[in-house]
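**Student:** below are the sequence and a predicted model for it; my questions follow.
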Amino acid sequence: MLFVLAATVWMLSACASSSKSLKENAVVYYSNSKSGELISPEFFENSLEENQQMQGHYGEKKITGMSWMQLNDSLIHLMIFSSMGNEIANLVYTKDSLIFTSKWMDAKKVKPEYIIADIQFVYYPKNVLEKHFKKVGLEFKELKNEDVFVRTLSENDTLLMKMEKSKNQIRFENLIRKYEYQIERGKE
């Protein structure tokens, strides 16, 4: 009987998830001195749903896996999977809430608002980002040519963030927080 009880407790704890929910407007520090609230999902002008292969570096840590993302004018939804297909995390941002859940990560240590800010920097329209970052007091630039476009965010000539996007690849780097990732996009 004790074995059955112990096994049941173990199974329930193995399936327990950790979650974090923010109901107030989430604030992101883009630099050590400049911050701003996340941009509301309603400012995303298109609808996007895609599978992605991800590789990232945070300091010495290397991360690889897959993700599924849905963006539209009412939400940002990101699901992150291990290379074996196990769900690692689920993140949903709407105009009213930001919810992060995970069975594998301590949600109290994860700052989902920064993940959303990165997604917005990569995918949101240029005019929306220009207005947002001007209000924050930072310089946003976007340069395009036929094959690739590059976005940068700077403060007083110090580069904070950079994104390069081609047809099926995205490379994002946050120089101040010292992380980067590459995304191989699925077919749209």
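**Tutor:** Everything's here; your move. In this text, all values refer to a predicted model and were calculated from it rather than measured experimentally.

**Student:** now do the helices in the chain.
**Tutor:** With DSSP state H as the criterion, the chain has helices at 2-15, 112-123, 126-136.

**Student:** next, count neighbours for Gly56.
**Tutor:** Applying other C-beta atoms under 10 Å, we find 15 residues neighbouring Gly56. Every C-beta, even on glycine, is put in place using the N, C-alpha and C of the backbone.

**Student:** quick revisit: least reliable of the helices of the chain going by mean pLDDT?
**Tutor:** Looking over those, mean pLDDT reaches its minimum on helix 2-15, with a mean of 35.

**Student:** who does the nearest residue to Glu184 once chain neighbours are set aside bridge with?
**Tutor:** The spatially closest residue to Glu184, leaving aside those adjacent along the chain, is Gln53, at 4.0 Å (C-beta to C-beta, 6 or more residues apart in numbering). Listed by DSSP bridges, the beta-bridge partners for Gln53 are Met66, Glu184.

**Student:** how far away is Gln53 from His77?
**Tutor:** 18 Å (C-beta to C-beta, to the nearest Å).

**Student:** then Glu155?
**Tutor:** From Glu155 across to His77, the span is 30 Å (C-beta to C-beta).

**Student:** which residue ranges form the strands in the protein?
**Tutor:** Ranges of strands in the chain, per DSSP state E, are 18-22, 27-29, 35-37, 48-58, 61-71, 76-81, 87-93, 98-102, 139-144, 148-155, 158-166, 169-174, 179-185.

**Student:** buried stuff in the fourth one?
**Tutor:** Using 16 or more other C-beta atoms under 10 Å as the burial criterion, the residues of strand 48-58 that qualify are Gln52, Gln53, Met54.

**Student:** which strands and helices sit next to it?
**Tutor:** Packing partners of strand 48-58 (3 or more C-beta pairs under 8 Å, 6 or more residues apart in numbering; DSSP states H and E): strand 61-71, strand 179-185.

**Student:** quick one: mean pLDDT over that strand.
**Tutor:** Mean predicted lDDT for strand 48-58 stands at 90.

**Student:** CA-only coordinates of it in CSV, if you can.
**Tutor:** The C-alpha trace of strand 48-58 is given here as CSV (Å, rounded to 0.1, in the frame of the first residue of the first chain):
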residue,chain,number,x,y,z
LEU,A,48,0.8,34.2,-38.6
GLU,A,49,1.1,30.6,-37.5
GLU,A,50,4.3,28.7,-38.0
ASN,A,51,6.6,25.8,-36.8
GLN,A,52,10.1,26.7,-35.9
GLN,A,53,13.5,25.0,-35.2
MET,A,54,15.4,26.9,-32.5
GLN,A,55,19.0,27.2,-31.4
GLY,A,56,20.1,29.6,-28.7
HIS,A,57,22.9,30.6,-26.4
TYR,A,58,22.6,32.3,-23.0
